[in-house]
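S.K.: Return a 3D structure for these sequence lines:
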Amino acid sequence: MEWYTVGLGLLGLLILFISIGLPIPFALAAASVPFLLSIQSLSTSLITAELKLWGVWVDYILLAVPLFVLLGELIGRSSIGPNLYWFMHSKVPVRGSAAYGSIGACAGFGAVCGSSMVGSLTIGGVALPEMLKLGYGKRLSSGVLAAGGTLSVLIPPSLILLFYGIVTDQSIGDLFIAGVIPGIILVSFFIIIVAIWGWLRPSDVPERDNTNPIPWGLALSAVLPVIFIGLIITVSIYTGIATPTEAAGISCVATMIMAFTVGGLRWDGFLGAIRATMQTMGYLGLLLSAGVLFGFVMTYYRVPQQFTEIFSAMELSPYLVLAIIIVFYVILGMFLEPVSMTFITLPTMYPLVAASGFDLIWFGVIYTITMELAVLTPPVGLNLYVIQALARKEITIIDVIIGCLPFIGALIVLLGLMVMIPDIALWLPSIMD
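M.R.: Okay, the predicted model is just below:
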């Protein structure tokens, strides 16, 4: 069977199964089975499927995924996450402090949690009702929180960077540190957007936030754990003291202790965090396993290699190839969520990037920024619906989309800067080696 027949067949079956409502993990597996049967007998195919579906979790690095998810859930269900927002809000004595505080809290939360959706839920659940009560514009309030959640995807630890490293076999530590400077730049862009918004539309930003300042003791009980957990993750990984998995385990235990002692976490909240982590990992586990099976079939028929050879034979400019890939992901991100895109498309795309001469660590940050765009672009922008669900009676999905537009522009500008100045991502990993 020709490689292009397999490639088109896999894509066609995948689209068919998704369109009829089959969950993406099952759609990936179901699309793979007919082509698996064409190269193996039924009994052998079953064994191969079992080995691929189960064997992926033998990979030690993947143990970091549920640990980082649990870490974020523990912070979100204790008072650490909400108090982090109150600290950023009440201790910033400037006009628009609630908006700036939301960005700061999302950035701080991103430093200990790699999930965009968990970040939006945790900070947004506290900040959105407060901002609306204080008189902030609906579009500014929802936009800044939906976009702020994406900071968890870029600022390490990041689940998308973790999955990218697994698929492309790149250093997780280098990928994490490569996201630091772009993350700081993005936070700065978001702050500038809020300042300009307040200048252009002063009615959307109240002159004074009439809110009670958080006591310093309560503030420190939120800020110090986040700083401590962030240092455990970053220092242990970047100094080589621990692997990403070990760092995730240590930081998860530390978070559990602090959530119970200073975060006021109760037993029912702990059980809720465990259940939420199991639900998340049930989906991610199936998705990753099915993605490996899908990738096995593609690799057997040399679909990624042949695809790369065709593009190489066309002798396109490397930057034209990069532009095509970015546009492809931006469009695809309107219909698929980031984790699914990673396991469906990345095995085919990253060899093309490598063949074009681009650094795969640098492209990992580029890829992650496009995934941030994916969670903010309709019709399947997850963060849009997460924020709208928090204030369904007051804010429409159109309000959230319009509110996100300036922040989407900031992400596009960051992409441009990354392409023009690759050292934004590569300088920090280079001096750490």
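S.K.: Name the SS class of the closest residue to residue 346 other than its chain neighbours, please.
M.R.: The spatial neighbour of residue 346 that comes closest, neighbours along the chain excluded (Cβ to Cβ, 6 or more residues apart in numbering), is residue 167 at 4.8 Å. (Each C-beta comes from the backbone N, C-alpha and C, glycine too.) Following DSSP: H, G, I helix; E, B strand; the rest coil, the label given to residue 167 is helix.
S.K.: residue contacts, residue 167?
M.R.: Residue 167 is in contact with 342-343, 346-347, 350, counting by Cβ atoms under 8 Å, 6 or more residues apart in numbering.
S.K.: counting contacts, what elements does the helix or strand harbouring residue 236 pack onto?
M.R.: Assigned by DSSP states H and E, residue 236 falls within helix 216-238. On a contact count with 3 or more Cβ pairs under 8 Å, 6 or more residues apart in numbering; DSSP states H and E, helix 216-238 meets helix 64-77, helix 80-90, helix 97-110, helix 172-178, helix 244-261.
S.K.: mean confidence for the first one?
M.R.: Averaged across helix 64-77, the pLDDT comes to 84.
S.K.: Check which residues of the helix or strand containing residue 298 are buried.
M.R.: Taking DSSP H and E as the criterion, residue 298 maps to helix 267-300. Across helix 267-300, burial judged by 16 or more other Cβ atoms under 10 Å covers 269-270, 272-273, 276-277, 280, 284-298.
S.K.: what residue lies at the spatial centre of this protein?
M.R.: Centroid-nearest residue in the chain: residue 153, 3.2 Å away (criterion: Cα atoms, centre = their mean).
S.K.: Wait, that one touches residue 373, no?
M.R.: No. Judged on Cβ atoms under 8 Å, residue 153 makes no contact with residue 373 at a distance of 10.2 Å.
S.K.: Tell me the residues that contact both of the two, please.
M.R.: By Cβ under 8 Å, 6+ apart, no residue touches both residue 153 and residue 373.
S.K.: residues touching the nearest residue to residue 84 once chain neighbours are set aside, list them.
M.R.: For residue 84, ignoring the flanking residues on the chain, the nearest one in space by Cβ to Cβ, 6+ apart is residue 222 at 4.5 Å. Under the criterion of Cβ under 8 Å, 6+ apart, the contact list for residue 222 reads 79-84, 86-87, 263.
S.K.: After the one helix or strand residue 401 maps to, heading C-terminal, what element do we hit next?
M.R.: Assigned by DSSP H and E, residue 401 falls within helix 397-420. With elements assigned by DSSP H and E, the helix or strand that comes after helix 397-420 is helix 423-432.
S.K.: Give me the buried stretch members for that next one, please.
M.R.: Applying 16+ other Cβ under 10 Å to helix 423-432 flags 424-426, 428-429 as buried.
S.K.: Poorly predicted segments of the stretch 251-400 of the chain, please.
M.R.: Scanning the stretch 251-400 of the chain for pLDDT under 70 picks out the ranges 380.
S.K.: and residue 409, how many residues sit next to it?
M.R.: 12 (other Cβ atoms under 10 Å).
S.K.: what does the one helix or strand the residue nearest to the centre of the chain maps to rub up against?
M.R.: Assigned by DSSP H and E, residue 153 belongs to helix 151-154. By Cβ under 8 Å, 6+ apart, the residues outside helix 151-154 that reach it are 72, 103, 106-107, 109-110, 113-116, 118-119, 158-160, 179, 182-183, 186-187, 190, 338, 365, 368-369, 371-372, 375.
S.K.: How about stretch 350-359?
M.R.: For stretch 350-359, the external contacting residues (Cβ under 8 Å, 6+ apart) are 167-168, 304-305, 307-308, 311-312, 318, 321-322, 325, 360, 363, 422, 426.
S.K.: In PyMOL, how would I select the buried members of these?
M.R.: Typed into PyMOL, the next command selects the buried ones out of the contacts of stretch 350-359 (criterion: 16+ other Cβ under 10 Å):
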select buried, resi 167+168+304+307+308+311+321+322+325+360+363+422+426
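S.K.: Return the member of the contacts of stretch 350-359 nearest to residue 199.
M.R.: Proximity of the contacts of stretch 350-359 to residue 199 (Cβ to Cβ) peaks at residue 422, which lies at 33.0 Å.
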